[in-house]
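Student: curious how this folds, go ahead:
(one chain, ligands or ions: 1)
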Amino acid sequence: MFKKILIANRGEIALRVIWACRELGIRTVAVHSNVDRDSLHVRFADEDICIGPAQSADSYLNVKAIISAAEICGADAIHPGYGFLAENAHFAKVCAECGISFIGPRAETIRRMGDKVEARRTMITAGVPVVPGSEGVLATFDGLEDLAQSLGYPVIIKASAGGGGRGMRIVESPADLRGAVEAARAEAGASFASDEVYVEKYLTNPRHIEFQILGDSYGNVVHLFERECSVQRRHQKILEEAPSPVMDEELRRRMGEAALVAARAVEYENAGTVEFLLDEDGSFYFMEMNTRIQVEHPVTENITRLDLVKEQIRVAAGEALQFRQEDLSIHGWSIEARVNAEDPWTFRPCPGLITTFHPPGGPGVRLDTAAYAGYTVLPHYDSMIAKLIARGKTREEALSRLARALDLFVIEGISTNLPLLAEIIAAPAFVSGQLGTRFMDDLLEERAQRDVLWGETPPFSGTP
Ligand code: ADP
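Tutor: Coordinates of the predicted model:
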């Protein structure tokens, strides 16, 4: 087992890795930018090293500085968390070359799955259904109109190197096709290393259903069931739950099997996620594979009673999985809400000093956060400041616990989306589990109409 792990991340996920390391008796090294000295991951790690200035490009994305830090501290492994360098194949390769274990899949797997066009091709070869679309990247406009016509509008233009919901354009009619390709290409070129784009049929209100997978270096791979992540705004997840309210045993068996085929196709090692779109007619399609721990992993931990980060560390250290597919089953229900430092009406980020922070607790409530009273949410990084995760014997119990926990969560000094989260889980479509990726658009549309009726911002209950 590793003796010392460097955590190449910040915020709640860095703390999450520290928790796992403490339980495993592994020392931890926090890296931080010069504005992050007061962050909790720095305080709770055994050692810490400053790796550069505030801008991520110079610190949390600075491969040289992070590798140097690992060498100076004598870390034998690096946990990348999510975001930053977690899906950077170059970083994983450099770690391997320096004799440092990268806690994640092999660099080659990250590279192959990070290229969405190549991932699609790999899945087609493996026999996993993919969303109907172009065979490869769109090099020219030749034949594009015919292809889009044969897929049927709407279609979606997506960046092959895309992530975080960027580089996507929905096209409703042939007249908009060219402009959308150019816009997606420009956005992709500015945000990612490549401006390659491809086209897919756009499903109008599918569910986003993903399967957690876990593989070791001996060829064992299992899935840890599904997560329902249809509650999204601008392709970004807001609430996630496990299991999915839509799932029955037969669908779970078929989708789980497809997830395993996908994982085996790339000889997957470590924790990963296979994302699918489930259409209203019951067809499902592979969308992409995320080669890292996900933000929403705690809901899976709650229903499987496993510790995914400890599992990641164990398989990276060369241990074999201690369970097989038939040993796994679902226990109860779990729902996660992402708490963001943002205006609940305009969604603008609201960094600043947290003056009061009263976290909820009690039966069935877990809070993953690096925030505290006196902490300043920095403008340089992600606005997610906490993940509030409830579990219960049933969906109803998990939901009622999440509702009371949201209500009793007090954060003052900055604006948060707590009122929005409360509004979402009270919405009839959410309560009944009738979800689709259009859910948030419908909710915000209704809210806008209510605003017109009420004059201005409607009153809401919950934390101001
Ligand atoms: P990213 O890597 O940027 O997160 P994804 O490919 O995972 O992008 O897609 C993010 C979200 O965009 C999905 O969860 C879904 O809501 C939407 N989406 C992507 N492709 C399609 C599609 N073909 N039809 C409908 N919605 C899609």
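
Student: quick one: distance of the longest strand along the chain to the chain centre.
Tutor: Criterion DSSP state E: the longest strand present in the chain is strand 221-233. Between the centre of strand 221-233 and the centre of its host chain there is 10 Å, according to CA atoms, centre = their mean, to the nearest Å.

Student: so what are the domain limits for the chain?
Tutor: Using automatic domain parsing, the domain parsing of the chain gives 4-103, 132-201, 207-454.

Student: TSV please, covering those and showing mean neighbour count and distance to the ligand.
Tutor: C-beta: built from backbone N, CA, C; applies to glycine. Shown next, in TSV, are those (neighbours: other CB atoms under 10 Å; distance: least, CB to the nearest ligand atom, whole Å):
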stretch	mean neighbour count	distance to the ligand
domain 4-103	20	10
domain 132-201	17	4
domain 207-454	19	4
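
Student: among the ones you listed, which comes closest to Ala119?
Tutor: domain 207-454 (5.9 Å; CB to CB).

Student: could you give the mean pLDDT of the closest one?
Tutor: Per-region confidence: domain 207-454 scores 97 on mean pLDDT.

Student: before we move on, the earlier item: what would the domains of the chain look like in JSON lines with distance to Arg121?
Tutor: Below are the domains of the chain laid out as JSON lines (distance: least, CB to CB, whole Å):
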{"stretch": "domain 4-103", "distance to Arg121": "17"}
{"stretch": "domain 132-201", "distance to Arg121": "7"}
{"stretch": "domain 207-454", "distance to Arg121": "11"}
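
Student: quick check: which of those domains is nearest to Met123?
Tutor: Evaluated over these, closeness to Met123 peaks at domain 207-454, with 4.7 Å, by CB to CB.

Student: on that earlier part again, quick one, the helix or strand following the longest strand of the chain and strand 221-233 angle?
Tutor: Counting by DSSP states H and E, the next helix or strand C-terminal to strand 221-233 is strand 236-242. On the basis of axes from the mean of the first three to the mean of the last three CA atoms, to 10 degrees, strand 236-242 is oriented at 130 degrees to strand 221-233.

Student: return strand 236-242 as PDB; C-alpha atoms alone will do.
Tutor: Taking Å, rounded to 0.1, in the frame of the first residue of the first chain, the C-alpha atoms of strand 236-242 are listed here in PDB:
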ATOM      1  CA  GLN A 236     -24.400  20.900 -15.900                       C
ATOM      2  CA  LYS A 237     -25.700  18.600 -13.200                       C
ATOM      3  CA  ILE A 238     -27.500  20.100 -10.200                       C
ATOM      4  CA  LEU A 239     -29.000  17.100  -8.400                       C
ATOM      5  CA  GLU A 240     -28.200  13.400  -8.700                       C
ATOM      6  CA  GLU A 241     -29.700  10.300  -7.300                       C
ATOM      7  CA  ALA A 242     -29.200   6.600  -7.100                       C
END
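
Student: helices and strands around that strand, which ones?
Tutor: On a contact count with 3 or more CB pairs under 8 Å, 6 or more residues apart in numbering; DSSP states H and E, strand 236-242 meets strand 221-233, helix 297-304, strand 333-340, helix 418-426.

Student: name the element Glu108 belongs to?
Tutor: Glu108 belongs to helix 107-114, assigned by DSSP H and E.

Student: quick one: that helix near the ligand?
Tutor: No - contact of helix 107-114 with the ligand (CB under 6 Å from any ligand atom) is absent, the minimum separation being 9.5 Å.

Student: report the buried residues of the helix or strand that comes right after that helix.
Tutor: Downstream of helix 107-114, the first helix or strand assigned by DSSP H and E is helix 116-126. Going by neighbour count (16 or more other CB atoms under 10 Å), the buried part of helix 116-126 is 116-117, 119-120, 122-123.

Student: helices and strands around helix 116-126, which ones?
Tutor: Contacts defined by 3+ CB pairs under 8 Å, 6+ apart place helix 116-126 against helix 107-114, strand 197-201, helix 249-265, strand 284-290.

Student: out of the domains of the chain, nearest to Arg112?
Tutor: Nearest of those (CB to CB): domain 207-454, 6.0 Å.

Student: which residues in the stretch 251-400 of the chain form strands?
Tutor: 270-278, 284-290, 333-340, 352-353, 356-358, 365-369, 376-377, 384-392 (DSSP state E, counting those that start in this stretch).

Student: and those: which comes nearest Glu296?
Tutor: Glu296 sits nearest to strand 333-340 of all the strands of the stretch 251-400 of the chain, at 5.5 Å, using CB to CB.

Student: quick check: angle from the helix or strand harbouring Asp442 to helix 418-426?
Tutor: In the assignment (DSSP H and E), Asp442 maps to helix 439-454. Put simply, helix 439-454 runs at 110 degrees to helix 418-426, going by the same axes, to 10 degrees.

Student: that older thread, format the helices and strands packed on helix 116-126 as TSV; extra columns: distance to Ala403.
Tutor: Output for the helices and strands packed on helix 116-126, formatted as TSV (distance: least, CB to CB, whole Å):
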stretch	distance to Ala403
helix 107-114	37
strand 197-201	36
helix 249-265	27
strand 284-290	29
